[in-house]
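Participant: Model the following, please.
(2 chains)
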2 protein chains.
Amino acid sequence: MEVAREEFARRGLDATTVRQIAGRAGVDPAMIAHHFGSKQQLFLAVLQVPFDPAVEVAQVLEGPREELAARLLTRMLHVWDSPAGAGAVAAVRTAVQSDDTAGMIRDLALSRVLGPLMETLDGTSEERLWRANLVASQLIGLIFARYVVQLEPLASAAPAQVVASVAPTVQRYLTGPVGREH
Amino acid sequence: MEVAREEFARRGLDATTVRQIAGRAGVDPAMIAHHFGSKQQLFLAVLQVPFDPAVEVAQVLEGPREELAARLLTRMLHVWDSPAGAGAVAAVRTAVQSDDTAGMIRDLALSRVLGPLMETLDGTSEERLWRANLVASQLIGLIFARYVVQLEPLASAAPAQVVASVAPTVQRYLTGPVGREH
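Facilitator: Presented below is the predicted three-dimensional model:
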(Lines give C-alpha, C1' and ligand atoms only; values in the text may rest on other atoms or scores of the structure.)
Protein backbone atom coordinates (compact mmCIF):
# COMPACT_ATOMS: atom_id res chain seq x y z
CA MET A 1 0.00 0.00 0.00
CA GLU A 2 2.84 2.42 0.84
CA VAL A 3 4.65 1.67 -2.40
CA ALA A 4 1.39 1.96 -4.36
CA ARG A 5 0.65 5.36 -2.80
CA GLU A 6 4.12 6.63 -3.71
CA GLU A 7 3.94 5.33 -7.28
CA PHE A 8 0.41 6.66 -7.91
CA ALA A 9 1.32 10.05 -6.41
CA ARG A 10 4.49 10.30 -8.49
CA ARG A 11 3.34 8.99 -11.88
CA GLY A 12 -0.44 9.26 -11.80
CA LEU A 13 -2.96 6.49 -12.28
CA ASP A 14 -2.43 5.91 -16.02
CA ALA A 15 1.36 5.70 -16.03
CA THR A 16 1.63 3.44 -13.00
CA THR A 17 1.49 -0.32 -13.53
CA VAL A 18 0.73 -3.09 -11.05
CA ARG A 19 3.97 -4.71 -12.21
CA GLN A 20 5.99 -1.62 -11.17
CA ILE A 21 4.34 -1.54 -7.76
CA ALA A 22 4.84 -5.27 -7.25
CA GLY A 23 8.46 -4.97 -8.34
CA ARG A 24 9.29 -2.17 -5.92
CA ALA A 25 7.35 -3.86 -3.09
CA GLY A 26 9.11 -7.17 -3.77
CA VAL A 27 5.89 -9.15 -4.20
CA ASP A 28 4.28 -11.09 -7.04
CA PRO A 29 1.85 -9.02 -9.19
CA ALA A 30 -0.63 -11.90 -8.83
CA MET A 31 -0.69 -11.30 -5.08
CA ILE A 32 -1.78 -7.68 -5.64
CA ALA A 33 -4.50 -8.86 -8.03
CA HIS A 34 -5.62 -11.43 -5.47
CA HIS A 35 -5.86 -8.94 -2.59
CA PHE A 36 -7.06 -5.81 -4.38
CA GLY A 37 -8.42 -6.84 -7.80
CA SER A 38 -7.67 -4.36 -10.58
CA LYS A 39 -5.26 -1.42 -10.58
CA GLN A 40 -8.31 0.86 -10.28
CA GLN A 41 -9.44 -0.97 -7.16
CA LEU A 42 -5.96 -0.76 -5.66
CA PHE A 43 -6.05 2.98 -6.37
CA LEU A 44 -9.39 3.35 -4.51
CA ALA A 45 -7.95 1.34 -1.61
CA VAL A 46 -4.88 3.59 -1.42
CA LEU A 47 -7.10 6.69 -1.35
CA GLN A 48 -9.35 4.91 1.20
CA VAL A 49 -12.46 5.73 -0.83
CA PRO A 50 -15.07 3.30 0.55
CA PHE A 51 -17.04 2.87 -2.69
CA ASP A 52 -16.31 2.87 -6.41
CA PRO A 53 -17.72 6.06 -7.98
CA ALA A 54 -17.73 4.37 -11.42
CA VAL A 55 -20.20 1.75 -10.15
CA GLU A 56 -22.46 4.53 -8.84
CA VAL A 57 -22.24 6.53 -12.07
CA ALA A 58 -23.00 3.43 -14.16
CA GLN A 59 -26.30 3.08 -12.30
CA VAL A 60 -27.56 6.49 -13.43
CA LEU A 61 -26.47 6.53 -17.09
CA GLU A 62 -29.58 4.64 -18.20
CA GLY A 63 -32.76 6.68 -18.56
CA PRO A 64 -33.88 9.92 -20.21
CA ARG A 65 -30.91 12.12 -21.11
CA GLU A 66 -32.69 15.28 -19.92
CA GLU A 67 -32.92 13.86 -16.38
CA LEU A 68 -29.32 12.61 -16.18
CA ALA A 69 -28.24 15.42 -13.83
CA ALA A 70 -31.12 14.75 -11.42
CA ARG A 71 -30.32 11.02 -11.33
CA LEU A 72 -26.59 11.71 -10.87
CA LEU A 73 -27.13 14.18 -8.02
CA THR A 74 -29.73 11.98 -6.30
CA ARG A 75 -27.32 9.03 -6.38
CA MET A 76 -24.37 11.14 -5.25
CA LEU A 77 -26.25 12.56 -2.26
CA HIS A 78 -27.53 9.08 -1.34
CA VAL A 79 -23.99 7.67 -1.20
CA TRP A 80 -22.35 10.68 0.48
CA ASP A 81 -25.18 10.93 3.07
CA SER A 82 -24.60 7.24 3.96
CA PRO A 83 -22.00 5.92 6.46
CA ALA A 84 -19.66 5.25 3.49
CA GLY A 85 -19.84 8.97 2.74
CA ALA A 86 -18.02 9.80 5.98
CA GLY A 87 -15.07 7.75 4.78
CA ALA A 88 -15.14 9.52 1.44
CA VAL A 89 -15.19 12.92 3.17
CA ALA A 90 -12.12 11.92 5.20
CA ALA A 91 -10.42 10.75 1.99
CA VAL A 92 -10.97 14.00 0.07
CA ARG A 93 -10.02 16.12 3.10
CA THR A 94 -6.68 14.37 3.28
CA ALA A 95 -6.14 14.17 -0.47
CA VAL A 96 -6.41 17.92 -1.15
CA GLN A 97 -3.42 18.57 1.14
CA SER A 98 -0.60 18.15 -1.35
CA ASP A 99 -0.31 18.48 -5.12
CA ASP A 100 0.60 14.79 -5.34
CA THR A 101 -2.50 13.51 -3.59
CA ALA A 102 -4.73 16.19 -5.15
CA GLY A 103 -3.51 14.78 -8.46
CA MET A 104 -4.76 11.39 -7.31
CA ILE A 105 -8.23 12.88 -6.70
CA ARG A 106 -8.05 14.38 -10.21
CA ASP A 107 -7.19 10.96 -11.67
CA LEU A 108 -9.99 9.38 -9.66
CA ALA A 109 -12.55 11.96 -10.82
CA LEU A 110 -11.46 11.62 -14.46
CA SER A 111 -11.31 7.83 -14.60
CA ARG A 112 -14.27 6.91 -12.39
CA VAL A 113 -16.78 9.77 -12.82
CA LEU A 114 -16.05 12.18 -15.67
CA GLY A 115 -14.83 9.58 -18.17
CA PRO A 116 -18.02 7.48 -18.02
CA LEU A 117 -20.16 10.65 -18.13
CA MET A 118 -18.28 12.02 -21.15
CA GLU A 119 -18.95 8.85 -23.10
CA THR A 120 -22.67 9.56 -22.96
CA LEU A 121 -22.37 13.13 -24.26
CA ASP A 122 -22.49 14.52 -27.78
CA GLY A 123 -19.91 16.85 -29.35
CA THR A 124 -16.18 16.87 -29.91
CA SER A 125 -13.89 15.35 -27.29
CA GLU A 126 -12.69 18.87 -26.44
CA GLU A 127 -16.26 20.05 -25.82
CA ARG A 128 -17.16 16.96 -23.79
CA LEU A 129 -14.05 17.38 -21.62
CA TRP A 130 -14.98 21.02 -20.96
CA ARG A 131 -18.50 19.96 -19.98
CA ALA A 132 -17.08 17.30 -17.65
CA ASN A 133 -14.82 19.92 -16.02
CA LEU A 134 -17.83 22.15 -15.39
CA VAL A 135 -19.81 19.25 -13.92
CA ALA A 136 -16.86 18.48 -11.65
CA SER A 137 -16.69 22.10 -10.47
CA GLN A 138 -20.30 21.91 -9.25
CA LEU A 139 -20.11 18.40 -7.78
CA ILE A 140 -16.83 19.08 -5.94
CA GLY A 141 -18.28 22.32 -4.60
CA LEU A 142 -21.47 20.61 -3.43
CA ILE A 143 -19.41 17.95 -1.64
CA PHE A 144 -17.20 20.52 0.09
CA ALA A 145 -20.06 22.91 0.96
CA ARG A 146 -22.43 20.20 2.29
CA TYR A 147 -20.03 17.69 3.88
CA VAL A 148 -16.73 19.43 4.65
CA VAL A 149 -17.48 23.11 5.30
CA GLN A 150 -21.04 22.12 6.35
CA LEU A 151 -22.69 25.32 5.30
CA GLU A 152 -26.26 25.61 6.59
CA PRO A 153 -28.98 25.11 5.45
CA LEU A 154 -27.27 23.20 2.61
CA ALA A 155 -25.69 20.64 4.96
CA SER A 156 -29.07 19.68 6.49
CA ALA A 157 -31.32 20.16 3.46
CA ALA A 158 -33.35 17.24 2.14
CA PRO A 159 -31.68 15.64 -0.89
CA ALA A 160 -34.71 16.40 -3.08
CA GLN A 161 -34.39 20.11 -2.27
CA VAL A 162 -30.72 20.12 -3.22
CA VAL A 163 -31.43 18.21 -6.43
CA ALA A 164 -34.22 20.64 -7.37
CA SER A 165 -31.87 23.62 -7.03
CA VAL A 166 -28.64 22.18 -8.44
CA ALA A 167 -29.79 19.75 -11.17
CA PRO A 168 -30.52 22.54 -13.72
CA THR A 169 -26.87 23.62 -13.38
CA VAL A 170 -25.44 20.14 -13.89
CA GLN A 171 -27.90 19.42 -16.71
CA ARG A 172 -26.82 22.60 -18.53
CA TYR A 173 -23.17 21.64 -18.09
CA LEU A 174 -23.95 18.17 -19.52
CA THR A 175 -26.22 19.03 -22.44
CA GLY A 176 -27.03 22.76 -22.58
CA PRO A 177 -25.24 25.86 -23.86
CA VAL A 178 -21.84 26.32 -22.17
CA GLY A 179 -20.17 28.76 -24.57
CA ARG A 180 -17.85 26.21 -26.20
CA GLU A 181 -20.12 24.49 -28.72
CA HIS A 182 -19.51 24.28 -32.43
CA MET B 1 -2.17 34.39 17.03
CA GLU B 2 -2.17 30.95 18.65
CA VAL B 3 -4.76 31.96 21.21
CA ALA B 4 -6.85 33.65 18.53
CA ARG B 5 -6.76 30.52 16.37
CA GLU B 6 -7.92 28.38 19.30
CA GLU B 7 -10.72 30.73 20.30
CA PHE B 8 -12.00 31.21 16.74
CA ALA B 9 -11.88 27.45 16.12
CA ARG B 10 -13.71 26.68 19.36
CA ARG B 11 -16.39 29.38 19.42
CA GLY B 12 -16.64 30.62 15.86
CA LEU B 13 -16.16 34.14 14.59
CA ASP B 14 -19.35 35.69 16.02
CA ALA B 15 -19.06 34.38 19.58
CA THR B 16 -15.37 35.21 19.98
CA THR B 17 -14.41 38.67 21.23
CA VAL B 18 -11.10 40.48 20.98
CA ARG B 19 -11.37 41.01 24.74
CA GLN B 20 -11.47 37.21 25.34
CA ILE B 21 -8.46 36.65 23.10
CA ALA B 22 -6.53 39.49 24.74
CA GLY B 23 -7.43 38.17 28.20
CA ARG B 24 -6.23 34.64 27.51
CA ALA B 25 -3.10 35.88 25.74
CA GLY B 26 -2.33 38.27 28.59
CA VAL B 27 -2.16 41.36 26.37
CA ASP B 28 -4.10 44.60 26.13
CA PRO B 29 -7.02 44.52 23.61
CA ALA B 30 -5.72 47.83 22.25
CA MET B 31 -2.50 46.09 21.25
CA ILE B 32 -4.48 43.60 19.14
CA ALA B 33 -6.38 46.48 17.51
CA HIS B 34 -3.10 48.26 16.84
CA HIS B 35 -1.43 45.25 15.21
CA PHE B 36 -4.35 43.64 13.38
CA GLY B 37 -7.18 46.18 13.18
CA SER B 38 -10.67 44.70 13.58
CA LYS B 39 -11.67 41.24 14.81
CA GLN B 40 -12.45 40.38 11.18
CA GLN B 41 -8.93 41.33 10.13
CA LEU B 42 -7.42 39.29 12.97
CA PHE B 43 -9.53 36.36 11.75
CA LEU B 44 -8.15 36.72 8.19
CA ALA B 45 -4.62 36.90 9.60
CA VAL B 46 -5.16 33.72 11.63
CA LEU B 47 -6.43 31.90 8.53
CA GLN B 48 -3.52 33.43 6.55
CA VAL B 49 -5.88 34.63 3.83
CA PRO B 50 -3.82 37.26 1.97
CA PHE B 51 -6.74 39.51 0.95
CA ASP B 52 -10.11 40.48 2.37
CA PRO B 53 -12.88 38.83 0.33
CA ALA B 54 -15.36 41.44 1.58
CA VAL B 55 -13.32 44.21 -0.06
CA GLU B 56 -13.34 42.27 -3.34
CA VAL B 57 -17.08 41.57 -3.17
CA ALA B 58 -17.83 45.22 -2.39
CA GLN B 59 -16.19 46.18 -5.68
CA VAL B 60 -18.62 44.13 -7.76
CA LEU B 61 -21.93 44.90 -6.04
CA GLU B 62 -22.41 48.13 -8.04
CA GLY B 63 -23.72 47.73 -11.57
CA PRO B 64 -26.55 45.95 -13.38
CA ARG B 65 -28.06 43.21 -11.21
CA GLU B 66 -28.29 40.79 -14.15
CA GLU B 67 -24.50 40.91 -14.59
CA LEU B 68 -23.62 40.51 -10.90
CA ALA B 69 -22.49 36.90 -11.33
CA ALA B 70 -20.19 37.76 -14.24
CA ARG B 71 -18.60 40.61 -12.25
CA LEU B 72 -18.25 38.41 -9.15
CA LEU B 73 -16.60 35.55 -11.06
CA THR B 74 -14.33 37.86 -13.06
CA ARG B 75 -13.12 39.48 -9.82
CA MET B 76 -12.73 36.14 -8.05
CA LEU B 77 -10.64 34.63 -10.86
CA HIS B 78 -8.52 37.81 -11.05
CA VAL B 79 -7.64 37.59 -7.34
CA TRP B 80 -7.17 33.80 -7.19
CA ASP B 81 -5.06 33.81 -10.40
CA SER B 82 -2.76 36.44 -8.80
CA PRO B 83 0.19 35.71 -6.47
CA ALA B 84 -2.13 36.39 -3.50
CA GLY B 85 -4.29 33.52 -4.76
CA ALA B 86 -1.52 31.01 -4.03
CA GLY B 87 -1.66 32.02 -0.38
CA ALA B 88 -5.42 31.66 -0.36
CA VAL B 89 -5.16 28.17 -1.91
CA ALA B 90 -2.73 27.16 0.85
CA ALA B 91 -5.13 28.58 3.45
CA VAL B 92 -8.20 26.66 2.23
CA ARG B 93 -6.18 23.46 1.77
CA THR B 94 -5.12 23.59 5.39
CA ALA B 95 -8.45 24.81 6.71
CA VAL B 96 -10.55 21.93 5.34
CA GLN B 97 -8.51 19.44 7.40
CA SER B 98 -10.50 19.54 10.63
CA ASP B 99 -14.08 20.42 11.55
CA ASP B 100 -12.79 23.31 13.67
CA THR B 101 -10.87 25.00 10.90
CA ALA B 102 -13.47 24.11 8.26
CA GLY B 103 -15.89 25.98 10.53
CA MET B 104 -13.58 28.99 10.28
CA ILE B 105 -13.80 28.84 6.48
CA ARG B 106 -17.60 28.69 6.84
CA ASP B 107 -17.56 31.76 9.08
CA LEU B 108 -15.27 33.53 6.63
CA ALA B 109 -17.50 32.72 3.64
CA LEU B 110 -20.64 33.81 5.48
CA SER B 111 -19.28 37.04 6.94
CA ARG B 112 -17.07 38.24 4.08
CA VAL B 113 -18.72 36.92 0.89
CA LEU B 114 -22.22 35.52 1.32
CA GLY B 115 -23.46 38.12 3.83
CA PRO B 116 -22.67 41.12 1.59
CA LEU B 117 -24.13 39.28 -1.43
CA MET B 118 -27.33 38.40 0.44
CA GLU B 119 -27.93 42.03 1.30
CA THR B 120 -28.28 42.84 -2.39
CA LEU B 121 -30.86 40.10 -3.07
CA ASP B 122 -34.65 40.13 -2.93
CA GLY B 123 -36.85 37.69 -1.04
CA THR B 124 -37.15 36.37 2.50
CA SER B 125 -34.02 35.89 4.59
CA GLU B 126 -34.54 32.13 4.32
CA GLU B 127 -34.64 32.30 0.52
CA ARG B 128 -31.61 34.62 0.35
CA LEU B 129 -29.60 32.32 2.62
CA TRP B 130 -30.47 29.34 0.41
CA ARG B 131 -29.36 31.29 -2.67
CA ALA B 132 -26.11 32.23 -0.94
CA ASN B 133 -25.50 28.55 -0.07
CA LEU B 134 -25.96 27.60 -3.72
CA VAL B 135 -23.58 30.35 -4.87
CA ALA B 136 -21.04 29.08 -2.34
CA SER B 137 -21.35 25.52 -3.65
CA GLN B 138 -20.37 26.68 -7.16
CA LEU B 139 -17.63 29.12 -6.09
CA ILE B 140 -16.02 26.63 -3.68
CA GLY B 141 -16.14 23.97 -6.39
CA LEU B 142 -14.59 26.28 -8.96
CA ILE B 143 -11.77 27.15 -6.53
CA PHE B 144 -11.05 23.50 -5.72
CA ALA B 145 -11.36 22.28 -9.33
CA ARG B 146 -9.22 25.07 -10.85
CA TYR B 147 -6.64 25.76 -8.13
CA VAL B 148 -6.42 22.71 -5.84
CA VAL B 149 -7.30 19.63 -7.91
CA GLN B 150 -6.14 21.52 -11.05
CA LEU B 151 -8.46 19.78 -13.44
CA GLU B 152 -7.59 20.48 -17.08
CA PRO B 153 -8.60 22.35 -19.18
CA LEU B 154 -10.37 24.28 -16.37
CA ALA B 155 -7.12 25.06 -14.54
CA SER B 156 -5.53 26.69 -17.62
CA ALA B 157 -8.64 28.16 -19.24
CA ALA B 158 -8.82 31.91 -19.87
CA PRO B 159 -10.89 33.65 -17.17
CA ALA B 160 -13.37 34.93 -19.77
CA GLN B 161 -14.04 31.36 -20.90
CA VAL B 162 -14.73 30.24 -17.33
CA VAL B 163 -16.97 33.23 -16.70
CA ALA B 164 -18.95 32.56 -19.89
CA SER B 165 -19.65 28.99 -18.82
CA VAL B 166 -20.20 29.43 -15.07
CA ALA B 167 -21.84 32.88 -14.76
CA PRO B 168 -25.31 31.64 -15.86
CA THR B 169 -25.21 29.18 -12.93
CA VAL B 170 -24.22 31.77 -10.34
CA GLN B 171 -26.68 34.30 -11.79
CA ARG B 172 -29.55 31.78 -11.50
CA TYR B 173 -28.55 31.04 -7.91
CA LEU B 174 -28.54 34.79 -7.18
CA THR B 175 -31.70 35.93 -8.95
CA GLY B 176 -33.31 33.09 -10.93
CA PRO B 177 -35.61 30.18 -10.09
CA VAL B 178 -34.06 27.88 -7.45
CA GLY B 179 -37.13 25.96 -6.28
CA ARG B 180 -37.49 27.78 -2.96
CA GLU B 181 -39.26 31.00 -3.94
CA HIS B 182 -42.55 32.17 -2.52
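Participant: now the helices for chain A?
Facilitator: Using DSSP state H, the helices of chain A run over residues A:2-15, A:18-25, A:29-36, A:39-47, A:53-61, A:68-81, A:83-95, A:99-109, A:115-119, A:125-143, A:159-175.
Participant: To chain B, which of the ones you listed lies closest?
Facilitator: helix A:125-143 (2.1 Å; Cβ to the nearest Cβ). Yep, even glycine has a C-beta here, placed from its N, CA and C like the rest.
Participant: ok, and for stretch A:171-182, which residues are buried?
Facilitator: A:171, A:172, A:173, A:174, A:175, A:178, A:180 (16 or more other Cβ atoms under 10 Å in any protein chain shown).
Participant: tell me the residue furthest from the middle of chain A?
Facilitator: residue A:26 (30.6 Å; Cα atoms, centre = their mean).
Participant: Could you single out the nearest of the buried residues of stretch A:171-182 to residue A:137?
Facilitator: Using Cβ to Cβ, residue A:173 comes nearest to residue A:137 of these, at 8.2 Å.
Participant: For that closest one, which residues are in contact?
Facilitator: Residue A:173 sits next to A:69, A:131, A:134, A:135, A:138, B:165 when contact means Cβ atoms under 8 Å, 6 or more residues apart in numbering or on different chains.
Participant: ok, those vs residue B:105, which is closest?
Facilitator: residue A:138 (18.6 Å).
Participant: which ones are touching the closest one?
Facilitator: Residue A:138 touches A:166, A:169, A:170, A:173, B:137, B:138, B:141, B:169, counting by Cβ under 8 Å, 6+ apart.
Participant: Of all pairs in those, which one spans the longest distance?
Facilitator: Using Cβ to Cβ, the two most remote members of these are A:173 and B:137, lying 13.4 Å apart.
Participant: Tell me the buried residues in stretch A:92-102?
Facilitator: A:92, A:93, A:95, A:96, A:101, A:102.
Participant: For that stretch, the averaged confidence score.
Facilitator: Averaged across stretch A:92-102, pLDDT comes to 86.
Participant: wait, does it make contact with chain B?
Facilitator: Yes. Using Cβ under 8 Å from any Cβ of the partner chain, stretch A:92-102 reaches chain B at A:93, A:94, A:96, A:97, A:99, A:102.
Participant: who's in contact with that stretch?
Facilitator: A:9-10, A:47-48, A:104-105, A:143-144, A:148, B:93-94, B:96-97, B:144, B:148-150.
Participant: May I have the residues that are in contact with the residue nearest the centre of chain A?
Facilitator: Centroid-nearest residue in chain A: residue A:109, 3.4 Å away (criterion: Cα atoms, centre = their mean). Going by Cβ under 8 Å, 6+ apart, residue A:109 touches A:53, A:136, A:140, B:149, B:151.
Participant: Let's see that with 10 Å instead.
Facilitator: Going by Cβ atoms under 10 Å, 6 or more residues apart in numbering or on different chains, residue A:109 touches A:53, A:115, A:132, A:133, A:135, A:136, A:139, A:140, B:145, B:149, B:151.
Participant: So the residue lying closest to residue A:12 once chain neighbours are set aside versus residue A:13, what's the distance?
Facilitator: In this structure, residue A:12 finds its nearest non-sequential neighbour in residue A:107, 5.6 Å apart by Cβ to Cβ, 6 or more residues apart in numbering or on different chains. In this view, residue A:107 and residue A:13 are 4 Å apart by Cβ to Cβ, to the nearest Å.
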